[in-house]
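okay, structure incoming, though there's no sequence with it:
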């Protein structure tokens, strides 16, 4: 098992190339020994619908049992359901077998320990322990199979009924053949309103499209359904159900940072002045919106695990990322749950007189790129080199996560990806002239560290 797959907030790699099933068993035993060292033994285990997930889950469970763990096996579930069960069972650890939105050849592990995300330096320490391959002899553990889908659905429906009541909206859903499909199929049978589902069958071949709703081409099928059935909006999910994006009847993709502004308005109505967290890739308009609503905006590092920990530290009721990870500690439990976010989105617009489409029409308009990437085998060093160049020029910027340079007209970002060997960039401005004026300076900075990049071509092709 290669160190490179132990990333900032999960473990993820190519099955059979970056890790084998025997590696997975050893990893399970390593994690069990760590949980035991902390004084616990109860571990909740779930898996997504990828073709490799049953074998990986079985191998990991064997390692857990060898390490003396008491395992609660949830079967095929979306990641939020694993978090939900972990919270209510108050387990000592939790592990989700998932490749999220990566290609079908990938798989991996999202972990929790003691009710908190297990990430960053902890994952590196786990790898060091894995390499030692030295475990105390333990009495073999136990396992039981539990279905937590109904309590989870009951929670979602109760929240909707208590806070919104009824709905006359028509909603389109696309789980992308990911792990959320089974829950969504059951949920819409009891959720008020009219609902249309596509790709709800869990299928690790992903026959319809790749399960990443942040890519516009993966939302085309959902948009066609919205138009065909006259829906108010459509909701798309990633492969393990912890990220959400939406699309309106005009085909406009609504990102996580835009959804966060909707949720912030509702949350701040009952938590005035509360801190609201968003990652560095989020629009400047979101931070202005939070301020306008009386909240305290906090710019945070990208990474769902990092945001969840910061939420606890600041006692924030709401946090999110541009990519679609949305976390509610208001009426919920502080973890990223795309299904719960969907319930609240539907509920909010069920009680409004204006439509989702009209809301989007009235949002501040800006010119912006998608998330851009350029390959870098030395990404962290490259970011530090750029920081030195900017400091030598006397430039002021946020270094919360890479470089975020702002002025009144807009902002640009360069940071090291936590999941790939690449530099990640975004550019946004309120008008086209300012937007395009950012490109040349960024290209010049990149050229000084050895990258010849045409940003306009990278962003828009051609």
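Okay, I see it. Given the structure is predicted, the values throughout are model-derived calculations rather than measurements.

tell me the domain ranges of this structure?
3-147, 151-254, 256-337, 367-460 (automatic domain parsing).

for residue 360, which of these is the nearest?
When those are compared by Cβ to Cβ, domain 151-254 sits nearest residue 360, at 5.3 Å. Yep, even glycine has a C-beta here, placed from its N, CA and C like the rest.

just how off-centre is the closest one within its chain?
16 Å (Cα atoms, centre = their mean, to the nearest Å).

for that domain, measure first residue to last.
30 Å (Cα to Cα, to the nearest Å).

same check, this time on stretch 179-198
The stretch stretch 179-198 measures 13 Å between its terminal residues, going by Cα to Cα.

likewise stretch 311-325?
End-to-end distance of stretch 311-325 (Cα to Cα): 13 Å.

buried sites along it?
Applying a neighbour-count criterion of 16 or more other Cβ atoms under 10 Å, one finds 311, 314, 316-325 buried in stretch 311-325.

what's the answer for stretch 252-265, then?
Neighbour-count burial for stretch 252-265, with 16+ other Cβ under 10 Å as criterion, is recorded at 252-264.

pLDDT on stretch 374-392, on average?
For stretch 374-392, mean pLDDT rounds to 96.

how far does that stretch sit from the chain's center?
A distance of 25 Å separates the centroid of the chain from that of stretch 374-392, by Cα atoms, centre = their mean.

residues contacting that stretch, please?
Under the criterion Cβ atoms under 8 Å, 6 or more residues apart in numbering, residues 397, 399, 402-403, 405, 414-417, 421-423, 425, 445-446, 448-449, 451, 453, 458 lie in contact with stretch 374-392.

who is residue 326 paired with across the strands?
residue 320 (DSSP bridges).

ok, now which ones touch it?
Contacts of residue 326 (Cβ under 8 Å, 6+ apart): 244, 256, 259-260, 263, 318-320, 336-338, 341.

for residue 151, state which of those is nearest.
Distance ranking of these against residue 151, using Cβ to Cβ, places residue 337 first at 14.0 Å.

skip the chain neighbours and tell me the closest residue to the closest one.
The shortest distance from residue 337 to any non-neighbouring residue, by Cβ to Cβ, 6 or more residues apart in numbering, is to residue 80 (3.7 Å).

need the residues that contact the one helix or strand that neighbour maps to.
Taking DSSP states H and E as the criterion, residue 80 maps to helix 79-89. Residues outside helix 79-89 that contact it (Cβ under 8 Å, 6+ apart) are 42, 44, 46, 48, 72, 74, 91, 94, 96, 98, 110, 112, 115, 146, 148-149, 151-152, 155, 179, 183, 240-242, 333, 335-340.

of those, keep whichever come out buried.
Counted by 16+ other Cβ under 10 Å, the contacts of helix 79-89 give 42, 44, 46, 48, 72, 74, 91, 94, 96, 98, 110, 112, 115, 148-149, 152, 155, 179, 183, 240-242, 333, 335-340 as buried.

just those: which are in helices?
149, 152, 155, 183, 338-340 (DSSP state H).

could I get those as CSV with distance to residue 307?
Converted to CSV, those look like this (distance: Cβ to Cβ, whole Å):
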residue, distance to residue 307
149, 26
152, 22
155, 22
183, 23
338, 14
339, 18
340, 15
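
give me phi/psi at the residue nearest to residue 367 when sequence neighbours are not counted?
Closest residue in space to residue 367, ignoring its immediate chain neighbours: residue 435 at 3.8 Å, by Cβ to Cβ, 6+ apart. Note on residue 435: backbone dihedrals following degrees, to the nearest 10 are phi -60, psi -50.

so what's the residue count around residue 435?
For residue 435, the count of nearby residues is 20 (other Cβ atoms under 10 Å).

show me what contacts it?
So residue 435 contacts 366-368, 410, 427-429 (Cβ under 8 Å, 6+ apart).

what is the most widely separated pair among the residues you listed?
366 and 427 (10.2 Å).

which one of these two has more residues nearby?
More neighbours surround residue 427 than the other of residue 366 and residue 427, with 24 against 17 (other Cβ under 10 Å).

how far away is the more buried one from residue 389?
Taken as Cβ to Cβ, to the nearest Å, the spacing of residue 427 relative to residue 389 amounts to 18 Å.

could I get the contacting residues of the spatially most central residue of the chain?
Central residue of the chain (Cα atoms, centre = their mean): residue 325, 3.5 Å from the mean position. For residue 325, the contact set (Cβ under 8 Å, 6+ apart) comprises 242-243, 256, 304, 307, 336.

check the gap between it and residue 290 for me.
Going from residue 325 to residue 290 by Cβ to Cβ gives 17 Å.

check which residues of the worst-scoring helix or strand of the chain on mean pLDDT are buried.
Sorting the helices and strands of the chain by mean pLDDT, DSSP states H and E puts helix 455-460 at the bottom, at a mean of 89. Within helix 455-460, the residues that count as buried by 16+ other Cβ under 10 Å are 455, 458-459.

helices or strands up against the longest helix along the chain?
Longest helix in the chain by number of residues (criterion: DSSP H): helix 21-37. Where contact means 3 or more Cβ pairs under 8 Å, 6 or more residues apart in numbering; DSSP states H and E, helix 21-37 is packed against strand 42-47, helix 53-66, strand 93-97, strand 106-113, helix 121-132.

and if we set it to 7 Å?
Here helix 21-37 is seen to pack against helix 53-66, strand 93-97, helix 121-132 when contacts are counted using 3 or more Cβ pairs under 7 Å, 6 or more residues apart in numbering; DSSP states H and E.

which one of those is the most hemmed in?
Among those, ranked by average contacts under mean count of other Cβ atoms under 10 Å, first place goes to strand 93-97 (a mean of 28).

quick one: mean pLDDT for it?
On average, the pLDDT along strand 93-97 is 98.

stretch 180-197 too?
Per-residue scores along stretch 180-197 average to 98.

buried stuff in that stretch?
180-185, 187-188, 191-197.

give me the contact list for whichever helix or strand residue 309 is part of.
Element membership for residue 309, per DSSP H and E: helix 304-314. For helix 304-314, contacts defined as Cβ atoms under 7 Å, 6 or more residues apart in numbering pick out 9, 116-117, 119, 275, 277, 279, 298, 300, 319, 321, 325, 327, 329, 334-336.

contact partners of stretch 262-272?
Under Cβ under 7 Å, 6+ apart, the answer for stretch 262-272 is 274, 276, 289-290, 293-295, 317-318, 326, 330, 344-345, 348.

which two from these end up farthest apart in space?
294 and 345 (21.6 Å).

for those two, indicate the residue with more neighbours.
Ranked by neighbour count (other Cβ under 10 Å), residue 294 and residue 345 place residue 345 first, with 23 against 13.

doesn't the more buried one fall inside a helix?
Yes. Counting by DSSP: H, G, I helix; E, B strand; the rest coil, residue 345 is part of a helix.

check contacts around it.
The neighbours of residue 345, taking Cβ under 7 Å, 6+ apart as the test, are 246, 259, 262.

which non-adjacent residue is nearest the first one?
Taking Cβ to Cβ, 6+ apart, and ignoring the residues beside it in sequence, residue 246 has residue 254 as its nearest neighbour in space, at 4.2 Å.
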